[in-house]
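with the sequence up front, the predicted model follows.
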Amino acid sequence: MISAVFDTTAVSLYQPSKEERDVTAYAKEAYDRGYRLLTQAWPELNDRSIKDDEQNGKKIWNAYVNDTCDDPFESWKWRGTRSEARKRGVAMHAQLTAGFLFAGISAQDPDSKEDRNAGDFMRGIVEWMAENSDYLSSYIQVTMGMMMNPVTYMGAEYAQVMQKVKVKLAEGYDTKEVLDEELSGFRAPVYGATDIMINNAYEQNIQRQTCVIKNRSLDYADAKKRYGNHPNWNYVQKGVTAVFNETDNLFYDVRDHENPDFVKETIVQWRGEDLEIPFLGGVYMGDEDTGFNPFKFRSVHNQPMYDVVPFGYNRISEHFFYFKSLMNTLQWEDSFADEFSRNLLNRELLNINVPTFTVGDEDNSVNTSVIFPGANVTSRNKDFQVKPILPPQQGNPYAALKDVRDSIEANSISDVQSGQLPPGSTKATAIVQATNSGRTLLKGLGRSLGQSIVQYTNLMVTVGIRNLSIAQVDEITGSDYKTRYRQFTLPKRMSRGKLVGKTLRFDGELVGKKMTKKDVEYENARLLEETEGNEKSTIISLNPEMAPRMKYLISYDPEELFTQNQQQMQLMMQNMYAQLRADPLVDAEVLLREYLYAFFRSKGDDFVKTLPMAGALPSPFGEEGGGQQKMPTPVAPPAGMLV
């Protein structure tokens, strides 16, 4: 029997082959399992579902208040919110986004020897990808999601999407396809808690999930750019999803009234099977051979990887996949503060406009028509009295609110750390203790965030190696083509105590070469000559073949959450300079530049004399390349150039 949802639904024009029906049924089974995990109640979330907890967190974060009231006897009451949880969330979010966090990257060659230069090179590639994509805005979004959602995901994608442009000719015009810069390159999409489905709620490592399903709504024109060449594109409709019914093996068109102008994209992935199946509005968009739908995102060693990383505020248990958001953590204190504030403020309103009852002549009774400032009521009845209904308020009812605020502060961030001045009566030791407690809590959050940052940086390194280190083919004229490798520029980077512009270059001329020490010295000198001795410019060159052969170790320090105080930094550098200036193991020029930078920033270079000096230039070519090689004495200053 066909279920009721299909009784009133039109049969779809999309009725594919048996192979496509089978793979759709396989994906639908995984989809149903993931949907159940999102909608069932979890004791870890106070018997709320993932979907309900997400909605609850968003309401608290957005200070949602239902101010509708149909009862005129209740409409006078204050129904607002103190937004205590939101205030703490905003302060915490500001702390997390004071600087954009990146993990540290170190590299090992195939012989397990550390190669710092390759690690620095790859760190530079990751920073370049972040600055030339939507990573920074996505980082702001995903850290905000940590405040309110049981989980928020950030994806790592690299795409080459073509768009049609019209070129004017002598007569008429021609249409050609060019790379769409907005949709192409590295992208960091953000997914909400219900946009991603998993199949095991008690496996925290997303790479160990049997199946991961990604959902998002695409604009119809955007969807056409991505899938317009697929044979099934003609079956895709705006605001319609083709749903497969296993009972009669038919597809039915179900209309999405909430998103009538969008198309739902669903990508079902099984990492263990190297299977990734895309659907658009329920229509199969995979390969013609349904058994061959390999993962798009693959590791450096060509193994399938899930391309999303979960972010969350705090782990709930040792196994539960989802997190406890800050709004979830503070919800009871926040609701108590609101309820208590409502009662207090409503009582204050009653104290100002005291409800009374009268004793005596009813004709001289006091009602709301005569209760206003300066009113005077007289009566000829000697027994006439006006008495308050409520007893006088006693004690300090606001003391309980302070206890609630202290509890909220203990579970989030201190007032001092959020930028508020403490009361004048607060002792210095109490301020220090509150600051240290907040710092300890932030470190715990930093460790949770750091795990996600490490996983995401690993995805970025993979994207960089697989897509940016390969040769590009450029058309010169007619049928003539030329291959070239890319280079990347990072302006204003600190190197050896100086702000310099770094150029990261994958050098195709080094492919297949085994370089001796003299070869490395010559290459260093050539790059130095290329910069014309400019101390504000650095070139780092890497053999493209070396990038995928390296093993990259990614780490994160929670201390990066805390921005350095400039005055403390100046005092520290002053002491360090006095103590280490004469140390033979310390580079005096670099120490001086760092000391001056603490006071004068980039203008500190103006105080330093440039002296000719020979230095050691490291190389990322491994043992054959010489590791860290000594420049010949006659060569000019290295100006921070590396090979």
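Noted; the coordinates are in hand.

I'd say residue 327 and residue 90 touch.
No: applying Cβ atoms under 8 Å as the test, residue 327 and residue 90 come out as separate, 11.5 Å apart. In short, each C-beta sits where N, CA and C put it, glycine included.

which one of the two has more residues nearby?
residue 327 (27 against 16; other Cβ atoms under 10 Å).

relative to residue 92, how far out is that one?
Distance of residue 327 to residue 92, computed by Cβ to Cβ, to the nearest Å: 11 Å.

list residues touching both of these two?
Common neighbours of residue 327 and residue 92 are listed as residue 147 (criterion: Cβ atoms under 8 Å, 6 or more residues apart in numbering).

look up the closest residue to residue 220, ignoring the ones flanking it.
Spatial nearest neighbour of residue 220, chain neighbours left out: residue 238 (5.2 Å); criterion: Cβ to Cβ, 6 or more residues apart in numbering.

again with residue 328
Closest residue to residue 328 apart from its sequence neighbours, by Cβ to Cβ, 6+ apart: residue 57 at 6.0 Å.

tell me the contacts of that neighbour?
Counted by Cβ under 8 Å, 6+ apart, residue 57 has contacts 147, 148, 149, 150, 325, 327, 328.

can you rerun that using 10 Å?
Neighbouring residues of residue 57 by Cβ atoms under 10 Å, 6 or more residues apart in numbering: 48, 85, 89, 145, 147-150, 193, 313, 324-329, 331.

which neighbours do residue 327 and residue 90 share?
Between them, residue 327 and residue 90 share the contacting residues 61, 147, judged by Cβ under 10 Å, 6+ apart.

helix or strand with the lowest mean pLDDT in the protein?
strand 628-630 (a mean of 35; mean pLDDT, DSSP states H and E).

show me what counts as buried in the host helix or strand of residue 331.
Applying DSSP states H and E as the criterion places residue 331 in helix 326-352. Using 16 or more other Cβ atoms under 10 Å as the test for burial, helix 326-352 gives 326-331, 333-334, 336-338, 340-342, 344.

now do it: distance to the chain's middle.
Its chain's C-alpha centre and that of helix 326-352 lie 32 Å apart, by Cα atoms, centre = their mean, to the nearest Å.

that one packs against which elements?
When contacts are defined as 3 or more Cβ pairs under 10 Å, 6 or more residues apart in numbering; DSSP states H and E, helix 326-352 packs onto helix 50-61, helix 84-96, helix 135-148, strand 314-315, helix 399-410.

and the next helix or strand past that helix?
Using DSSP H and E, the helix or strand that follows helix 326-352 in sequence is strand 356-359.

buried residues in that next one?
Applying 16+ other Cβ under 10 Å to strand 356-359 flags residue 358 as buried.

with stretch 142-156 instead?
142-156.

ok, stretch 517-525 next?
Buried residues in stretch 517-525, counting neighbours by 16+ other Cβ under 10 Å, are found at 519, 520, 521, 523, 524, 525.

which secondary structure element is home to the fourth one?
With elements delineated by DSSP H and E, residue 523 resides in helix 517-530, which encompasses its position.
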